[in-house]
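**Q** Got a predicted structure plus its sequence, pasted below:
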Number of protein chains: 4
Amino acid sequence: MRIRSFKSVVSKYKTVFFDAFGVLKNYKGLIPGIENTFTYLEEQGINYFILTNDASRSPLQLAEKYQKLGIPNITEDRIVSSGMLAKEYLTLKVKKGSVAFLGTEESAHYIETNDLKTVPISQLDIDNADDINALVFLDDEGFDWNHDINKVVNLLRMKNIPAIVANTDYAYPVAKHEVAIAVGSLADMVETIVGKQFIRFGKPDAQMFNFAYEHAINNGMKVGKDEILMVGDTLITDIIGGNKFGLDTVLVLTGNILPEQADLRIKTTGIIPTYICESAVIEKEE
Amino acid sequence: MRIRSFKSVVSKYKTVFFDAFGVLKNYKGLIPGIENTFTYLEEQGINYFILTNDASRSPLQLAEKYQKLGIPNITEDRIVSSGMLAKEYLTLKVKKGSVAFLGTEESAHYIETNDLKTVPISQLDIDNADDINALVFLDDEGFDWNHDINKVVNLLRMKNIPAIVANTDYAYPVAKHEVAIAVGSLADMVETIVGKQFIRFGKPDAQMFNFAYEHAINNGMKVGKDEILMVGDTLITDIIGGNKFGLDTVLVLTGNILPEQADLRIKTTGIIPTYICESAVIEKEE
Amino acid sequence: MRIRSFKSVVSKYKTVFFDAFGVLKNYKGLIPGIENTFTYLEEQGINYFILTNDASRSPLQLAEKYQKLGIPNITEDRIVSSGMLAKEYLTLKVKKGSVAFLGTEESAHYIETNDLKTVPISQLDIDNADDINALVFLDDEGFDWNHDINKVVNLLRMKNIPAIVANTDYAYPVAKHEVAIAVGSLADMVETIVGKQFIRFGKPDAQMFNFAYEHAINNGMKVGKDEILMVGDTLITDIIGGNKFGLDTVLVLTGNILPEQADLRIKTTGIIPTYICESAVIEKEE
Amino acid sequence: MRIRSFKSVVSKYKTVFFDAFGVLKNYKGLIPGIENTFTYLEEQGINYFILTNDASRSPLQLAEKYQKLGIPNITEDRIVSSGMLAKEYLTLKVKKGSVAFLGTEESAHYIETNDLKTVPISQLDIDNADDINALVFLDDEGFDWNHDINKVVNLLRMKNIPAIVANTDYAYPVAKHEVAIAVGSLADMVETIVGKQFIRFGKPDAQMFNFAYEHAINNGMKVGKDEILMVGDTLITDIIGGNKFGLDTVLVLTGNILPEQADLRIKTTGIIPTYICESAVIEKEE
């Protein structure tokens, strides 16, 4: 497929959904020049949102990180995370009592409500777990894997409660040649062992795109699916998810897929983006 | 879990989503008395929709079938089918040219537009398939499996086009102890052979529930997810799909799951309906 | 990895196991010159066997095909097929009564014994199937897919009998750019629908390699696993199966994998052959 | 199915293969009375072996445990473990250099040879791993899951070496209502993340049964597959593995499957043992 200029592509749409990792930033920080893209979008009156499979922080905290890195435009209301879907599920379906979780205290804060307390698995007394109404996989950090993952397996064998996976990713990059296992992998392992069906939130699932779509509409703009562009670096989450939801899609080559592999990967997976661009960067002088 | 009266449950909601097979009808025809349920819902001003993984007929044809069977209330606008999602996808993403299909001519009619022609796989010349922009699995009938499924495999090896599965079910009942293989199973087999990722529409996928939700809102009623009840006979499609979308759910025991199995199945799968009812029937004299 | 001369590699071993398709023949017939390889092996006193996931013919018929094509050395006792394992299973475990099958009459002949009759699915009366003690998936030809695969699903739902898959392949090549669906794919689809566990025979399963190993020993030669070389064109069957069984392995580039892809495919799958050779051909003048 | 007396069943065979957990012992220790079974077998001249998916100890150590518990007859040569297959693989295929491992030092000792060193993942310098020729998943204990499983993922991304799973079990019981995650589950998770194919040893794989079969023959007795009985408590490992290898099988009800569930589980899985017995215990006075 032909490589297009991102500016020429994005100018045709009213709203843009951006994946975060591999599109806006990588293990070193921001993709150089990406801040200009947001200046351009604001100038053109193009609306935008960040769609991220991240449940380790609240939207406010995620937004603050972008601001510190140098994109002041990304405010809390621009963030759509899988953690927000998990929170919506808990509010609608669990309502009250306690929710056990794997993750950091920080990640748990966000899903708490007046009626819903959170309990880290490490502090749970498994023989007195009557008030535990759900389990949430939030983050891969903040707990002892040996001890706490085994405890989760036994909790789910003893109590029939819904298990929610707030980040479906398998792994995430932490350095040039290094990845870390994400909580989605841990959840898959536990699901196979206990033989029950978990509830998963995150791209490529349609619920994530729909949640972003509702945000796009709530923010006052009327927008059709054919006026939205999804920008991502990963075929099996960003691009297939965007395609299925009915959006046009751009594959950028600043993350998961090297430029020389793009055509082969598109052919072997059958996941076809509407466009390919080198990056989502729009140069100032362009 | 305790068995509730369906009337007492349904009365608490503003909108009801019904699964079709195993809830409204079975291999013999309508579930006896189910027509009274719709009379009751109309009297009470409760809105309702039928959610079905069926792409073999248009919504109009599906509605006419219910009317013939004895539920005049089920009109075209009450139907939300996976076939409608497939049609939306084709309109938004494929737009023009031709779409090859597996299914009956009748099933293909519905997805045709002024700009989009349909071609049965049997009539396709695989060496002159330049104008074929997508493939759709519509129905398990209307073609020669041996010849045409092999042709589909080779078409997808030669051309990198999206493959859409308009009905994700594996099988459907045709008599008391007899099932038929559904097109979802055929699609899964082809996907494994060609190694590409297909696009699937149907319960338990969130897009199906969201499509119904949009219908509920478009029909003029303002309704929250907590005011909608999903009624189904199958844990792994209706109930988990409804739960994940944030709806309250009823498992009825007139289809897939026998009354004596319900508790065990809920425990082994970890899929927990909000309520269990014997059936969705509301008696006249009740 | 470095490309080696097949002659230099094979000379170090006492016994060779050959995959058939992609190594000895392709869709056009014999790989040109491959007959000289067998002349060389005989001269050097190197023993050899053909390991094939083929249950459509008896070893005698398979051998005759090679002889007609121009390799007179390949006699019946050189053939080790997945069909032979299926026959052994039926003899040991089913013993008597009738076995229903999907495949040609020819393929069924081979598994018949004095005590064990075979019945094509098409001729089976599913309501009078008391004497049916097993079901075997033999071949993708010889039956009507729509009608007979649906019949198999319902037979397995009604009767709890073992289901044997005598060829685990998903597809096989029939022309330069054309494949046909193999019976292994049909069996996988049925297994998913009925939710039961089938018994599968064929590479990469260890039982296939062990069966060949027993042949190598029975033929009078004492041979250690470290003296046997497995030659194949497919990483996920021939090479991983040979590796796991403890054999040295050669990947040849006359079938499944193009020369320019070999290194990438080895790296992405993690399946590492001991050697890579262009082909299994040994030139006369070499 | 009818429940048989184990004595009447076992008396018809020349050799018996026993699963360990759920058949000979459970979380509390030996199944009461099981020691008499071995006295009986010795009196009758029936040969026996223990087949276990355990790579955490050498056969000698495993045998000593049985002796301490009260079955002096179980000596080292009676043990066939998945760890022994892993050791055979390393000896035949890796030969020299170093093997990285997840597990206890004790588990690693057994796979060491004069030419093959072992290195715990915790002590590995991933940037100086040139002499590492394989990775083995041995045991779930002896390492920090968070740190070392992440290290394994990155090792396998950097180096293309075979990964061997010496115990395919998902979990094992540690108390009446408590299980622990086995190394097989950890290996599956890593395999999915890195996208490579691992080599697995353990029931139900045919290589395990074949290894035991070779032991049965080496020990001086000539024995046919139809003269061997496999005794197990788990349908999806012991029984389907034994069946596929051509052995008669007994399901005992002292482990995984409760007496009242046996018929349903056999029907839903399609895995049919030749016999069902309450336990493998033969009473003294019987």
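**A** Yes, it's here.
**Q** can you give me the helices in the stretch 151-286 of chain A?
**A** Ranges of helices in the stretch 151-286 of chain A, per DSSP state H, counting those that start in this stretch, are A:183-194, A:206-218, A:240-245, A:262-269.
**Q** so which of those is the most packed in?
**A** Most buried of these, by mean neighbour count (mean count of other CB atoms under 10 Å in any protein chain shown): helix A:240-245, with a mean of 26. Glycine gets a C-beta too; all of them are placed from N, C-alpha and C.
**Q** quick one: contacts of that one?
**A** A:17, A:203-206, A:208-210, A:213, A:225, A:230, A:232, A:248-249, A:271-273, B:89, B:93, B:162, B:197, B:199, B:207 (CB atoms under 8 Å, 6 or more residues apart in numbering or on different chains).
**Q** Please tabulate the helices of the stretch 151-286 of chain A in a markdown table and include mean pLDDT as additional columns.
**A** As requested, these are arranged in a markdown table below (pLDDT from 0 to 100):
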| stretch | mean pLDDT |
| --- | --- |
| helix A:183-194 | 98 |
| helix A:206-218 | 94 |
| helix A:240-245 | 98 |
| helix A:262-269 | 95 |
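**Q** Out of the contacts of helix A:240-245, name the ones that lie in strands.
**A** Within those, residues falling in strands by DSSP state E are A:17, A:230, A:232, A:248-249, B:199.
**Q** Could you find the closest non-adjacent residue to A:C277?
**A** Closest residue in space to A:C277, ignoring its immediate chain neighbours: A:F6 at 4.2 Å, by CB to CB, 6 or more residues apart in numbering or on different chains.
**Q** Return the residues in contact with that neighbour.
**A** A:37, A:250, A:252, A:277-282.
**Q** Repeat that for A:G224.
**A** A:G224 touches nothing, counting by CB under 8 Å, 6+ apart.
**Q** Repeat that for A:A175.
**A** Counting by CB under 8 Å, 6+ apart, A:A175 makes contact with A:Y27.
**Q** per-residue pLDDT, it?
**A** Note on A:A175: pLDDT of 91.
**Q** quick one: the strands in the stretch 1-150 of chain A?
**A** Remark: strands assigned in the stretch 1-150 of chain A by DSSP state E, counting those that start in this stretch are A:3-4, A:15-19, A:25-26, A:29-30, A:47-52, A:79-81, A:97-102, A:116-120, A:132-137.
**Q** Would you mind listing what in the stretch 51-200 of chain A touches chain D?
**A** The stretch 51-200 of chain A comes close to chain D at residues A:144-146, A:149-150, A:153-154, A:157-158, A:170-171, A:177-181, A:185-186, A:188-189, A:192-193, as judged by CB under 8 Å from any CB of the partner chain.
**Q** and with 7 Å instead?
**A** A:145-146, A:149-150, A:153-154, A:157-158, A:170-171, A:177-181, A:185, A:188-189, A:192-193 (CB under 7 Å from any CB of the partner chain).
**Q** May I see the ChimeraX selection of the buried members of those residues?
**A** Those of those that count as buried under 16 or more other CB atoms under 10 Å in any protein chain shown are selected in ChimeraX with:
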select /A:145,146,149,150,153,154,157,170,171,178,179,180,181,185,188,189,193
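**Q** ok, back up a step: of the ones in strands among the contacts of helix A:240-245, which is the nearest to B:I111?
**A** Checking the ones in strands among the contacts of helix A:240-245 against B:I111 with CB to CB, the nearest one is B:I199 at 13.7 Å.
**Q** quick one: that closest one and D:K96, what's the gap?
**A** With distances taken as CB to CB, to the nearest Å, B:I199 is found 50 Å from D:K96.
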